[in-house]
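Trainee: okay, predicted coordinates and the sequence, questions at the end:
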2 protein chains.
Amino acid sequence: MNPYQAPLKEMQFLLEDVFDAPNTWQQLPELAEMVDIDTANAILDEASKISRDLIHPLNRSGDEQGVIHQDDNVITPDGFKEVYNQFSEGGWAGLCGDAAFGGMGMPKMLGILVDEMNYSACNSFTLYGSLTAGAALCINAHANEELKQTYLPKLYSGEWSGAMDMTEPHAGSDLRGIRTKAVPLDDGSYAITGNKIFITGGDHDLTENVIHLVLAKLPDSNGISLFLVPKIRVHSDGSLGEANGVTVGSIEHKMGLKASATCVMNYDSAKGFLVGEPDRGLVCMFTMMNYERLAIGIQGLGSAQAAYQMASDYAKDRLQGVQAGKKPGSESDPIIVHGDVRRMLLTIRAMTEAGRALSVYTGKQLDLAKYAQGDVQAKAAKYVGLLTPVSKAFLTDRGLDATIMAQQVFGGHGYIRETGIEQLVRDTRIAQIYEGTNGIQAIDFLGRKVTGDNLATLTQFVDETLTELEALNVSAEHKYAVSSRFNALLASAQFVNDNKLTQPALINATAVDFLDAFGYTLYGFYWLLMADKSSNNVDTDFSHQKQYLAEFYIQKILAKADYHLSQVNNGDSSIMQVPESMF
Amino acid sequence: MNPYQAPLKEMQFLLEDVFDAPNTWQQLPELAEMVDIDTANAILDEASKISRDLIHPLNRSGDEQGVIHQDDNVITPDGFKEVYNQFSEGGWAGLCGDAAFGGMGMPKMLGILVDEMNYSACNSFTLYGSLTAGAALCINAHANEELKQTYLPKLYSGEWSGAMDMTEPHAGSDLRGIRTKAVPLDDGSYAITGNKIFITGGDHDLTENVIHLVLAKLPDSNGISLFLVPKIRVHSDGSLGEANGVTVGSIEHKMGLKASATCVMNYDSAKGFLVGEPDRGLVCMFTMMNYERLAIGIQGLGSAQAAYQMASDYAKDRLQGVQAGKKPGSESDPIIVHGDVRRMLLTIRAMTEAGRALSVYTGKQLDLAKYAQGDVQAKAAKYVGLLTPVSKAFLTDRGLDATIMAQQVFGGHGYIRETGIEQLVRDTRIAQIYEGTNGIQAIDFLGRKVTGDNLATLTQFVDETLTELEALNVSAEHKYAVSSRFNALLASAQFVNDNKLTQPALINATAVDFLDAFGYTLYGFYWLLMADKSSNNVDTDFSHQKQYLAEFYIQKILAKADYHLSQVNNGDSSIMQVPESMF
């Protein structure tokens, strides 16, 4: 198996040429003093080495060995601890963290590319850091100064890690039913008691402490509050004290992600600290959740990129069959000559590069929402809301597609564990499920983000996109292929909005198809944008690649949007009229 | 986890009402004396119990335990041997076998339903018998009388099992490069020497002998011949002799199918017997291969059905969220009330029931090709050729879709091994790959079966289908939805046929989309056929179910055919113009 090699050139192209990071950063004073494009490129270069040389070598052995739960300890596979230490010492755990508390203060549109590399290299390893960064973000946004001072520096340094504790056996997608309790103590802290399941990185041996963000209910309240609960108590001087009543009940045995500890956590009067206002825990947790949703989208993207590299290497190497049109009996050709193999590779490639564009664009909006002012900030915040569920769901759904297609390129060898491609399928499958299933994402998108403001944000986004599209130096035919679908999408959204009150199930029943239609259409725009932005590239090979892929996408993939929209337009009657007894 | 329960009513409906088994069998003298609909129903009933009570209980433990290779022995998981013995003693190994050699002589359109039950119950277990039945079919069709007398009764009784030995490390999809040699011996047999990989059921402890059908080359020939090579030599009186130089090098560690032994086989001057003519081995092997291709289609179908049952049971049981339109704060509802969950379940159900129709129809054509005379026989043989690659590829591709969708219904629990649904995803994934990848199937379909006779068979099939469609008692709108797509499909086939010489990659590059378009369109016909045939069913619930599902299919799924056809119509230029260096 070839080592993973980050697509640096693609990444730099998106940052610099497509989404204009240099100007964006220059206009945001807090970022301008932290980063310029040279710094960013140096960071990408260094991250590329770390993903290839440190993280990727853990991937296969981590899958075979898995996490072990032994004598109350959760033990990660060989090498994980050493690499995590090196990773942390390099400052990567706090790459986008607040500089005021020891983070590196890098922009998200850069950090997201580093995340992609790490997910490509090893899904399981990268999750630990992703949860840590999300927990820090949430603490920084909602906790009091004392908590921030105590916990953020250790999280950014990677000495401690973070976890998100929401799900309980009877409360997953619907958190109303959680039973974990928080009883106020005299010192202003709370005694937390209850059980949580599916806690990624809930315990492990990578760090000396794990900082849990736990949803629980205050006495006599049905509201949900958020608490910071360390595994080991922390003295006021920052040193570690005694155990805090946080224990691991068991770890899950899963389809994949075997080197990621998925824990059942038990809280027995564990000392916790309120984060944000009482009964406002879900709002606070959403800061972390939205962070993780985007991160998990990147998991899907990273898996797709890794799958592409493996499959294209194999296809150039594996001799089997003869190119169509050559004399029968000729020497065998590498399978890359076959149209169907190319179709699969081009599909993965086209979806992955457009997916990276979506991720960088979303990262840019996150940066603008955080660092810009006024209208720019407000618009970016709305776009983050609009695009977060799309990034999570569409990147992970297409991520699974990509890994399965790549596995198909390998033929029988793709089903054998040692080849490694089947692991990518297993590892990335969860990304469609956790942090809110992709069905939940779609309902958030169509129900809250699109129809929730009567299409105002969507219309603004589409109008802006169509204006940009119009200005691109690409064929009118290609522009129409994309613009007509955006207009059809708006019409479908209007149809849902007009009927959402009289047909209460309409949103739920059509949301997944609507999100898919949006994703395929938006990728059409990104391809034309990339074709335009690369057209003057000094590297003419690079430029040609983008033209070829844009052509392939428009010809071969974009029409999927039509199918999905037709499902939206056909409404919910054929779904909802079926009596429950029939299932 | 609920035990698997065969969908008997659906199966009987297809046999009796949709594809008119009673009349079909009555008109075929060899079948008429073996089977009537009462016998068939009794067999289905008994098979249902065996699949539920004997085979299904092996499924999870078999996955956890896996096959072990120890001291030259391949050991199947606990219980496999006992159940295999019971299964064999019941005559199931020879269900459709030739009665002249101890088989039960049952029609394939019945046997295929039994196969589905067994695959639903346990993919791994069922493969052993499937390979055995295929090997027997091949021996019966091509071997001499002595070989038939010696081997068939023991294969039909299940005392011995069969294996298909084709692939070598450098020869998979393209068998020209095989290196296994067959040297003639004085007694008319051959000494076989070489190595084969990916041999399903190549060795195991279920039976006392394994009968390999091995592709090898005669000295000074580049042609490929077929040899019967027993693991243990067989004396002329049928008793077992010494070992035959057939050994297991290793077993593969796979993504799934862990209870199925996938072996590297070594042949060291093993005694083999020529089957069929020298250098005509591929033609003979295709008898087995086509059998297995259909069987593997049924693996996909069986997995889809099992996945549906698990997911619908879960969806009716799992309380989460509130039905759209109900007062917020209401008690949680089972998730089956949610439109998106219903969409997923209805999609699986609609695809699976139509898939079963395809499988029974194909089985019927196999029976007609075997037992009928004259034009009826000739036409059926052509339809078998046309539909075998479709059944293999479309049933397995949709089988994976179904298991993934069902896993999604489970949310986080779907990713946990003990839930069992993730095993179905892993087990059924291989079905898209082995027995010829689905890309190979599609190229066989479009290249050989459709354009190979300049659309003659396809046109005949479509004309016949449209005539049947016209006579159905369903809405004109629904008829048009299907007929217009059949006509579009013929036009696309014509486009490919017209350009196949000047664009040599066209077939390879568009075959998968063409096969998918055909599958989705054909399923549209099957749904209208089932709606019609159920309309007078005394069980009005059953009748209503079919009307609901037909409506759902036409509204929500059928349009996928348009997307796939548009890819065919857009040709191969965007795929083939890309230089190899770009990948």
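Mentor: On my side now, so go ahead.
Trainee: show me the strands in chain A, by range?
Mentor: A:68-70, A:73-75, A:160-165, A:181-184, A:190-200, A:209-216, A:225-230, A:232-234, A:240-243, A:246-251, A:262-275 (DSSP state E).
Trainee: how about those strands, which one is nearest B:Lys196?
Mentor: For the strands of chain A, the distance to B:Lys196 is smallest for strand A:68-70, at 37.0 Å, taking CB to CB. (Each C-beta comes from the backbone N, C-alpha and C, glycine too.)
Trainee: mind checking the strands of chain A for the one nearest to chain B?
Mentor: strand A:190-200 (4.9 Å; CB to the nearest CB).
Trainee: export that closest one as PDB, just CAs?
Mentor: What follows is strand A:190-200 as a C-alpha-only set of coordinates in PDB (Å, rounded to 0.1, in the frame of the first residue of the first chain):
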ATOM      1  CA  TYR A 190     -22.700  20.200  40.600                       C
ATOM      2  CA  ALA A 191     -22.800  16.400  41.300                       C
ATOM      3  CA  ILE A 192     -23.400  14.700  38.000                       C
ATOM      4  CA  THR A 193     -25.000  11.200  38.000                       C
ATOM      5  CA  GLY A 194     -26.000   9.100  35.000                       C
ATOM      6  CA  ASN A 195     -25.000   7.100  32.000                       C
ATOM      7  CA  LYS A 196     -24.000   8.000  28.500                       C
ATOM      8  CA  ILE A 197     -23.400   5.800  25.500                       C
ATOM      9  CA  PHE A 198     -21.500   6.200  22.200                       C
ATOM     10  CA  ILE A 199     -18.900   8.600  23.700                       C
ATOM     11  CA  THR A 200     -16.100   8.900  21.200                       C
END
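Trainee: can you state the direction angle for it and strand A:246-251?
Mentor: 30 degrees (axes from the mean of the first three to the mean of the last three CA atoms, to 10 degrees).
Trainee: just to revisit the earlier point, and the strands of chain A, which is most packed in?
Mentor: Mean neighbour count (mean count of other CB atoms under 10 Å in any protein chain shown) peaks for strand A:160-165 among these, with a mean of 28.
Trainee: could you dump the strands of chain A to CSV with mean pLDDT?
Mentor: Shown next, in CSV, are the strands of chain A (pLDDT from 0 to 100):
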stretch, mean pLDDT
strand A:68-70, 97
strand A:73-75, 97
strand A:160-165, 97
strand A:181-184, 98
strand A:190-200, 97
strand A:209-216, 98
strand A:225-230, 98
strand A:232-234, 98
strand A:240-243, 97
strand A:246-251, 97
strand A:262-275, 98
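Trainee: for B:Gln545, which of those is the nearest?
Mentor: The closest of those to B:Gln545 is strand A:190-200. By CB to CB, the value is 35.2 Å.
Trainee: so is the closest one next to chain B?
Mentor: Yes - using CB under 8 Å from any CB of the partner chain, strand A:190-200 reaches chain B at A:197-198.
Trainee: and A:Gly172, what's its pLDDT?
Mentor: pLDDT recorded at A:Gly172 is 83.
Trainee: show me where chain A dips below the pLDDT cut-off.
Mentor: Low-confidence segments of chain A, defined by pLDDT under 70: A:1-2.
Trainee: I'd guessed A:Asn569 sits against A:Phe495; true?
Mentor: Yes - counting by CB atoms under 8 Å, A:Phe495 is a contact partner of A:Asn569 at 6.4 Å.
Trainee: and the residue nearest to A:Lys370 when sequence neighbours are not counted, how far is that from B:Glu580?
Mentor: Take A:Lys370 and drop its neighbours on the chain: the residue closest to it by CB to CB, 6 or more residues apart in numbering or on different chains is A:Lys108, 7.7 Å away. Distance of A:Lys108 to B:Glu580, given as CB to CB, to the nearest Å: 36 Å.
Trainee: who has more neighbours out of those two?
Mentor: Under the criterion of other CB atoms under 10 Å in any protein chain shown, the comparison of A:Lys108 against B:Glu580 puts A:Lys108 first, with 25 against 12.
Trainee: what's near enough to touch that one?
Mentor: Contacts of A:Lys108 were listed using CB atoms under 8 Å, 6 or more residues apart in numbering or on different chains, and they are A:96, A:363-364, A:366-367, A:370.
Trainee: and the buried ones among those residues, selectable in ChimeraX?
Mentor: To isolate the buried ones among these in ChimeraX, judged by 16 or more other CB atoms under 10 Å in any protein chain shown, type:
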select /A:96,363,364,366,367,370
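Trainee: could you work out the most separated pair of the contacts of A:Lys108?
Mentor: Maximum distance among the contacts of A:Lys108 (CB to CB): 13.0 Å, for A:Cys96 and A:Lys364.
Trainee: can you give me the helices in the stretch 251-400 of chain A?
Mentor: Under the criterion DSSP state H, counting those that start in this stretch, the stretch 251-400 of chain A contains helices at A:281-317, A:339-371, A:374-409.
Trainee: and the second one with helix A:374-409, angle?
Mentor: In this structure, helix A:339-371 runs at an angle of 160 degrees to helix A:374-409, with the same axes, to 10 degrees as the basis.
Trainee: may I see the buried residues of helix A:339-371?
Mentor: Buried residues in helix A:339-371 (16+ other CB under 10 Å): A:339-371.
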